[in-house]
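J.: how would this look folded up:
(chains A and B)
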Amino acid sequence: MAPFTVMGAARALRGGAVTSVQLAEQVLKRASMVEAQVHAYLTLDSDGLLQAAAEADEALASGGGRGPLHGIPIALKDNMATRGMETTAGSKILAGYHPPYDATAVVRLRRAGALVTGKTNLDEFAMGSSTENSAFGPTRNPWNTDRVPGGSSGGSAAAVAAGTAFGALGSDTGGSIRQPASLCGLVGAKPTYGAVSRYGLIAFASSLDQIGPLTHTVEDAAVLLDAVNGPDPLDATSYPGDLPRSDGRLGRGLEGMRVGVVSDLGGLEAVEPDVDASFRKMVAAMEREGARIVDASLPAAPHALSAYYLIAPAECSANLARFDGVRYGLRVDGATTEEMMSRSRAEGFGPEVVRRVLMGTFALSAGYHEAFYGQAQKVRTLIRRDFARAYEGCDVLVSPTSPTTAFPLGDRTEDPMSMYVSDVFTIPSNLAGHPAVSVPIGLDRRELPIGFQVMAPALGEPVMFQAAEAVEALAGFDTRAPYDPGFGLRGGVR
Amino acid sequence: MSWEAVIGLETHVELSTRSKMFCGCPARFDAPPNTNVCPVCLGLPGALPVPNREAINRIIRIGLALNCSVTGRSVFHRKNYFYADLPKNYQISQFDLPVCVDGYLDVGGDHPGRVGIERVHQEEDTGKSTHMGGDGRISAAEYSLLDFNRSGVPLVEIVTRPDIRSAAQARAYAQELRLLVEALGVSDARLEEGSIRFDANVSVRPGPEAPLGTKVEIKNMNSFRSLERAVAFEIGRQTACLDGGERIVMETRHWDEEAGVTRGGRTKEGSSDYRYFPDPDLVPLELDQDWKDEMAALLPELPARRRSRYEGMGIDPAQAATLAGADVHLRGLFEGAVEAGARPQQAGNWVSGEVVAALRSSGRESLADSPLSGPNLARLLAMVEDSTLSGLAAREVLAGVLAGEGTPEEVASARDLLQISDAGVLEAAVEEVTADHTEEFARLCSGEQKLIGFFVGQVMRRTRGKADPKLAGRLIRERAGL
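T.: This next block holds a predicted model:
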């Protein structure tokens, strides 16, 4: 049977069962069958992938290639700079932009031996929860192509779920890795803020953005994360010390682990019954496996969504100011420089980006600054304090990843608030800078995947993955379900 | 009505660090356009700033030299505004937690006084726009060229309190600040190259107790003189306005050097809203006591202290100020000469007078690597003191020493410049000149005293400047029976 996980492929490659070229061909063959339906990729670099795979095979044959990801095709969200490869952030304003440098995470991924399949679709500048905000058309969920894959890393999630990459990197500002992982039946992890360098990640909200893995297994996620994390002199916010190994506590089970169930997360009323039932069932299963289930409280968490929708837009309003038509990207001429800038931005940005830039500009304006941005920062401080208190009584916290499973395309595009609520459980970890991971635990009545979130304190990746792996084992979820025997999507054309 | 001017200055000092403020590009912008650039200083998507530690070292030293307190925790903010030569469309600057606050600079000269320093903060420079076509101004340009070599060069902004009361005092402050920055060695400190730039906030009010008037910011002064002229013009303009019953409009005005006037540009409606917020790409600077102590230990002697030290040597204040402001080589020469026994006032006069003149005529830029040492100068001055050399001859010897011809003694004898103090030798010369000018000599003998100078001149001429003029005068008087 063809490998489908990162570690499975790595073992097969080392054991001589497959070659890197075969892995690349497998990915490209699947892409040729499913991409027309899924549209996970904005750039699929077939030639580059095959060439790199051939080089990887040569290196292995001549005794080289000691990297943990050697020869494995991995997809990159299209908001990470790749030298010479178009990088758009899903925006018209960057169509045709080819960066002169690689993001640090990309450099490290390549150094670990990984091969880049291409660049995956996303909500424009990572702003969205469905990948419908891409300027280049939406991505569809491989489990059901009428439905969204989640977002903003929907392309990365769909690529892994559809087998057009063995793993992927996404970015998570308010849930943009975990929510699509949940909706596509995958593992998706947002590490501790500062664990992975943001150098080369096109910023949405700098104090919240983190790069992380989307994979079929918890082990894959830990391995991928360890390949790209670590201090970076090019990112002043990268964590300066040694990071614990993410896979350091895998296989230790749940015995004695204190698992906090958050009773006042906010938005719990929006949780679909099937999601709620699956979540409770898993908590009970964890208890049976030796975990101590405790009640946890994050009293400020109900304000997290509001705080997030002030802080993230405020930061993005400045981060996106550089897209002005002067040096790169789309330029629409005008009579004056100001008019040229203004027209380029009006033409280049989609409606959700414009909405957030306006919200952020407003939140930072004189007279409103303290009431909005200042207040939101205070909420952030309270949320951090709440987490610190909660972790006095438990090792990890758990919740559903998303209140719902994958929703139909177009369902929430008219009502931004209904879209924003998708991230209600994931946002608190971003505000606190803590790691969190989503693990698939089952299907709802429509056969759509349900995700389970494990949160941990800063630098708590080892215990987080330990718990996540136990959940994965308890769930016994088949992440390949959307594959059909005919090598296409199980759902086929709907 | 008499009006009191209230002036505050904002000074931008470009630091001469090797690399830029937030990236590793060389902080030199004299290279071909857009060659000292990288993803960070071009504001490419995904690039991130990392602060330059040496720039922070330097701003701490500037702050300490300005008697500021250095804050323990300092934060970089984003200052948001759109401009084509600002690559990120925000400038990384500082807002409510600058590196240094609450200092002062004592200004001497004709307008002595203490000017309060409100804050000293770190920021990055912008790129440079060149507007092509039309009259070179953006409004009439056909297109603009952008050079980002300067983008991200570290800038320190020094903001005074509104303590300055005259145009001359503004100039004195600016000059003193430049001396200080130069002494600290943190910047090239050249006005003409824009490595120090001054903006002035000027307002007038009916008297010292009256509330502050509406302030006008003036820009584009690129010399001390233009700063003084611009401030003086602006004070005159505002008082004339108010005397004429008009109101002052809050605005930014540009100094037109040729016309000698300030011109209004865009009117500021209230203050611009730069939407400052802490830059989430950077972490707060933690400036602990060890760091501050380390920088304090690196402070050189500052101009004010040096001036008073020179005055303490017995040099008059004007000369002390000149010397204290002289470059490091001239000061070294002066101090070396004094150490080798020269009289301070005489050594000072020579260093700031004859030596500077000799340097200029020799075509040298400075005394760096010159053969003229402190002990050499001291010997030269001693030879003047004991009449071995005349003043005139001493200048020639100086030129010879500068040209590398040897020690003062060697040059004097090689060029045959030793003063003739032998009365016997001079007697002969006196005899000759009185014989050549019998008519004038007769008038001298009959009491026309002013002719002594004429005869001394003649003797000097005959001896090619080597005669001791005092001795020659005495001999002439004796011969004339006076």
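J.: please, which helix or strand holds the closest residue to A:Arg245 other than its chain neighbours?
T.: Leaving aside its sequence neighbours, A:Arg245 sits nearest to A:Asp226 (C-beta to C-beta, 6 or more residues apart in numbering or on different chains; 6.0 Å). In this view, the C-beta of every residue, glycine as well, is placed from N, C-alpha and C. Using DSSP states H and E, A:Asp226 falls within helix A:218-228.
J.: what's the answer for B:Leu155, then?
T.: Judged by DSSP H and E, B:Leu155 forms part of strand B:154-160.
J.: for the helix holding A:Asp226, output the C-alpha coordinates as PDB.
T.: The C-alpha trace of helix A:218-228 is given here as PDB (Å, rounded to 0.1, in the frame of the first residue of the first chain):
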ATOM      1  CA  VAL A 218       0.100  13.500  15.600                       C
ATOM      2  CA  GLU A 219       3.600  12.100  15.200                       C
ATOM      3  CA  ASP A 220       3.900  13.700  11.800                       C
ATOM      4  CA  ALA A 221       2.900  17.100  13.300                       C
ATOM      5  CA  ALA A 222       5.500  16.800  16.000                       C
ATOM      6  CA  VAL A 223       8.200  15.800  13.500                       C
ATOM      7  CA  LEU A 224       7.300  18.600  11.100                       C
ATOM      8  CA  LEU A 225       7.200  21.100  13.900                       C
ATOM      9  CA  ASP A 226      10.600  20.100  15.200                       C
ATOM     10  CA  ALA A 227      12.000  20.400  11.700                       C
ATOM     11  CA  VAL A 228      11.100  24.100  11.400                       C
END
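J.: please identify the pairing partners of the following helix or strand past it and their relative orientation?
T.: Next helix or strand after helix A:218-228 toward the C-terminus (DSSP H and E): strand A:258-262. Sheet partners assigned to strand A:258-262 using DSSP bridges are listed as strand A:292-296 (parallel), strand A:396-400 (parallel).
J.: right, is the helix or strand just after the first one up against chain B?
T.: Next in sequence after strand A:292-296, counting helices and strands by DSSP H and E, comes helix A:304-319. Yes - under the criterion of C-beta under 8 Å from any C-beta of the partner chain, helix A:304-319 makes contact with chain B via A:Ala314, A:Glu315, A:Ser317, A:Ala318.
J.: cool, and stretch A:115-135?
T.: No - on the criterion C-beta under 8 Å from any C-beta, stretch A:115-135 is out of touch with chain B, staying 9.6 Å away.
J.: next one: that stretch to chain centre, how far?
T.: Chain-centre distance of stretch A:115-135: 10 Å, with C-alpha atoms, centre = their mean, to the nearest Å.
J.: what's the end-to-end length of that stretch?
T.: End-to-end distance of stretch A:115-135 (C-alpha to C-alpha, to the nearest Å): 26 Å.
J.: before we move on, what about stretch A:168-188?
T.: First residue to last in stretch A:168-188 (C-alpha to C-alpha) measures 9 Å.
J.: next, give phi and psi for the residue nearest to B:Glu286 when sequence neighbours are not counted.
T.: Once flanking residues are discounted, B:Glu286 sits nearest to B:Arg73: 6.0 Å by C-beta to C-beta, 6+ apart. Main-chain dihedrals, B:Arg73, degrees, to the nearest 10: phi -140, psi 120.
J.: noted, bye for now.
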